[in-house]
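A.B. asks: next one to model:
(4 chains)
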Amino acid sequence: MSETLSNAQIAWRAAQDIADGAYVNLGIGFPEMVAKFQPPGRQAIFHTENGILNFGEAPAPGEEDWDLINAGKKAVTLKPGAAFFHHADSFAMVRGGHLDVAILGAYQVAETGDLANWSTGPKGVPAVGGAMDLVHGAKRVAVITDHVTKDGKPKLVERCTLPLTGVGCVTRVYTSLAVIDIAGGHFVLREKLPTLSLEALQAQTGAKLYLDGPVADLIVPEI
Amino acid sequence: MSETLSNAQIAWRAAQDIADGAYVNLGIGFPEMVAKFQPPGRQAIFHTENGILNFGEAPAPGEEDWDLINAGKKAVTLKPGAAFFHHADSFAMVRGGHLDVAILGAYQVAETGDLANWSTGPKGVPAVGGAMDLVHGAKRVAVITDHVTKDGKPKLVERCTLPLTGVGCVTRVYTSLAVIDIAGGHFVLREKLPTLSLEALQAQTGAKLYLDGPVADLIVPEI
Amino acid sequence: MDKTVPNLATAVAGIHDGATVMIGGFGGSGAPIELIHALIDRFRATGHPTGLTVVNNNAGNGHVGLAALIETGMVAKLICSFPRSADPVVFTELYKAGKIELELVPQGTLAERIRAGGAGIPAFYTPTGYGTDLAAGKKIEEFDGRPYVQERWLKADFALVKAERADRMGNLTYRAASRNFGPLMCMAAAETIVQARTVVDPGAIDPEAVVTPGIFVQKIVEVTAPQQEETLNRAGAVH
Amino acid sequence: MDKTVPNLATAVAGIHDGATVMIGGFGGSGAPIELIHALIDRFRATGHPTGLTVVNNNAGNGHVGLAALIETGMVAKLICSFPRSADPVVFTELYKAGKIELELVPQGTLAERIRAGGAGIPAFYTPTGYGTDLAAGKKIEEFDGRPYVQERWLKADFALVKAERADRMGNLTYRAASRNFGPLMCMAAAETIVQARTVVDPGAIDPEAVVTPGIFVQKIVEVTAPQQEETLNRAGAVH
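C.D. replies: Purely as a prediction, here's the structure:
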């Protein structure tokens, strides 16, 4: 097996593309980690679906205010310039195109930009939350994910086989091996781990990787 | 000519039907007068489309705050328990059925409940304001009006000939001669001036007046 | 005008069998625990109300609040966006046993449908859900070359909402992110029942600071020390 | 993050020919007089912008603010609910001369269309206007046996809005009924330009009291003693 990035390293890479002052929604779970890796001198404003703009890190244990939580129901704190609002206003921000970036997890991403990240099939209790809303409206919808599933199957595919979250919505994927844009119905490779050959990357990808200009080395710090 | 009620007397009569604690919108102009005649011990909460609930009377001249106006752009004051809100929330109150009563003026009212009160035809600059919204949503939409036009033509008609404000929306009409409900596509006479015969009233009305039980005397104070 | 009622039992006394009840809160934040427990207590004492349709973002946690309400069997149908959570055994078991119906709605669509119900908008179009299983059977229309899903308003017979301050006319403020669905549900219910930590006289809340204007509220009960679902669950509470 | 700009001229410098510009206010309450006058001054100095589509509830009064803007000839089309007023000569004369286009929209529909634009809802149904001339040619659909009119969202390239307080991140409060269309227009414009009586540092506005969250605001200019249209007109002012 080739070298792969850790979740923290994938999150770090995604964080490098977030501009100072950007309004950002991070999906529940793994994507929340992106907030930790904002480059020095940049400050994004984080939005949570349940009605806060500009929340900050978790409080110290024992200091939680359970009225002050994020969409993952974890306690958060406020930064200066925060605002509260109700759910309809919150999703107006999402659906209305006011967020600069939404970063989400994925079960599968298709070369068409389709995303499957809410259901692994008919078993169990279905639960969608805000996932289907978040894939619409943000100026840029990015995914962070391992390049393949735990049992080695591609997560980047020609067509999603799992239930869709949204159609044609993802524009960039940060994986444990590469940074890939989605444009014109294709995966366009932008960066890959320097130790990984294009052929080896293609072998772990379920759809053809296109090139459009040079492929940069995907270099991240040890975290 | 028979005796007729003054505008103040029509407004007084309409005010008697407003319950204590009712949420009420009074149309611009003549209907605003209804607020003056609330019976003792009753307090309605007045709504204005531009975003105030529970406003009160006009301030003394020279005391006006021009950020604190009603839909007619007249300066008002606040009562304890007032609230400000934006225009979409304001019309959510209207359209969403939260107002108990809306009282409006009229050019014509049809026995179908259709109302024409926004345009006298193609001449001049058309202007509708909130009239078309107010006729929908309030639990009760009432009209106050002279029984006939200045040149003696009926304002209560079979079908409106002027541009409609709303279809099938008016349920009660307070006129200078009578109180008339609209039900089942008919004008149903409830009260008339005691000095006025049914025949004389019918002669001034553009559609058939139906009876459904006794007709009470329309008695109002000298104002 | 005074919309306060003397106690929780009175506040929930009018909720009838088969009613649609919106319940505020996102997880435990904004959950009106005391109103829910009062409803459960009434059911245990009288067998009513039953056959409820409940609208909430979630399906409750542990054995208090919404989870406890579902556990009683009073709830025939749940309309929500995310019925999975840390300790979702109550809903999960009833759902798998076919004893409770689920209408799954994307969270933003749920919020917008409730607002539409309150605002007199019978239907609207949203990009959310287009091309997914949750739009199956729904009307699609294209605007400016892009497809959208038609969604219907959602209204309720009752709403149970937790506020921070209420004046006797029903003007409300909320606390932090517990605002979430509260202002929307107040708009969309025929009878909105509010538990407020403090009830004040009209005029005590700045008209600029009112989040829910009183026109959207019908009953208020003061609950001066409201319980928090998260805290109850960490203590292993069972109602 | 600091969204303030140094002066009014800078604030309106980006408004281009043919732009759609939403202008807050209901009559004079909430009218951003200084921003409008800065736009007029720019037009007088440079001949631009011109061919504007303006969205406002009214058509201005006297010869200041919106009325003065219309008087310059910069406005090709007005979308509003009530272009008639105490002293409407400016709009009336241009309209009768066929020199300005009018799209007349019921007030509640105007507000809802602007909100829809801001909320990503391309169309919605309303009872308002059904059966009237203003629904002519619009799509009708029946829900629960009642007919409704389909209305489209309204978006703008720019919004000019008057606020009471702004922090540097764009969080806003308003003053009394001058709130009216402001929060909606902030949502619906690609670039929202705000004149605020006071600009404060982030944190100075209570997060509970924020009416317009900063995400909806792009530029802020401090105008510490804003003029009131009504007061200007009573003094016979002409811009």
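A.B. asks: enumerate every residue touching residue 26.
C.D. replies: I'll assume chain A. Contacts here follow Cβ atoms under 8 Å, 6 or more residues apart in numbering or on different chains; on that basis residue A:26 touches A:32, A:34, A:35, A:46, A:102, A:103. C-beta coordinates here come from the backbone N, C-alpha and C atoms, glycine included.
A.B. asks: oops, wrong one, chain C.
C.D. replies: If you count contacts by Cβ under 8 Å, 6+ apart, residue C:26 has them with A:50, A:51, A:69, A:73, A:87, C:57, C:58, C:177, C:178, C:180, C:181.
A.B. asks: again, but for residue C:27
C.D. replies: Residue C:27 touches A:69, A:73, C:57, C:58, C:61, C:85, C:229, C:230, counting by Cβ under 8 Å, 6+ apart.
A.B. asks: ok, residue A:54 next?
C.D. replies: Here residue A:54 is in contact with A:45, A:46, A:78, A:79, A:80, A:81, A:82, A:83, D:169, D:202, D:214 (Cβ under 8 Å, 6+ apart).
A.B. asks: wondering if stretch C:216-236 reaches chain B at all.
C.D. replies: Yes - using Cβ under 8 Å from any Cβ of the partner chain, we find that stretch C:216-236 touches chain B at residue C:216.
A.B. asks: list the buried ones in that stretch?
C.D. replies: Neighbour-count burial for stretch C:216-236, counted by 16 or more other Cβ atoms under 10 Å in any protein chain shown, picks out C:216-223, C:226-230, C:232-233.
A.B. asks: how far off centre is it?
C.D. replies: 13 Å (Cα atoms, centre = their mean, to the nearest Å).
A.B. asks: that stretch and chain A, any residue contact?
C.D. replies: Yes - contact between stretch C:216-236 and chain A, assessed by Cβ under 8 Å from any Cβ, occurs at C:228, C:229, C:230, C:231.
A.B. asks: same thing with stretch C:167-182?
C.D. replies: Yes - using Cβ under 8 Å from any Cβ as the criterion, contacts between stretch C:167-182 and chain A involve C:174, C:175, C:176, C:177, C:178, C:179, C:180, C:181, C:182.
A.B. asks: nearest to residue A:123, of those?
C.D. replies: Using Cβ to Cβ, residue C:181 is the member of the residues of stretch C:167-182 next to chain A that lies nearest residue A:123, at 28.9 Å.
A.B. asks: helix, strand, or coil at the residue lying farthest from the centre of chain A?
C.D. replies: Relative to the mean C-alpha coordinate of chain A, counting by Cα atoms, centre = their mean, the farthest residue is residue A:62 (29.7 Å). Applying DSSP: H, G, I helix; E, B strand; the rest coil to residue A:62 yields a three-state assignment of coil.
A.B. asks: and it, its phi and psi?
C.D. replies: Main-chain dihedrals, residue A:62, degrees, to the nearest 10: phi 90, psi -20.
A.B. asks: what's the neighbour count on residue 181?
C.D. replies: Here I'm looking at chain A. Residue A:181: 18 surrounding residues under other Cβ atoms under 10 Å in any protein chain shown.
A.B. asks: should've been chain C
C.D. replies: 30.
A.B. asks: thinking again about what came up before, let's see which of the contacts of residue A:26 end up in strands.
C.D. replies: Among those, the subset assigned to strands under DSSP state E consists of A:46, A:102, A:103.
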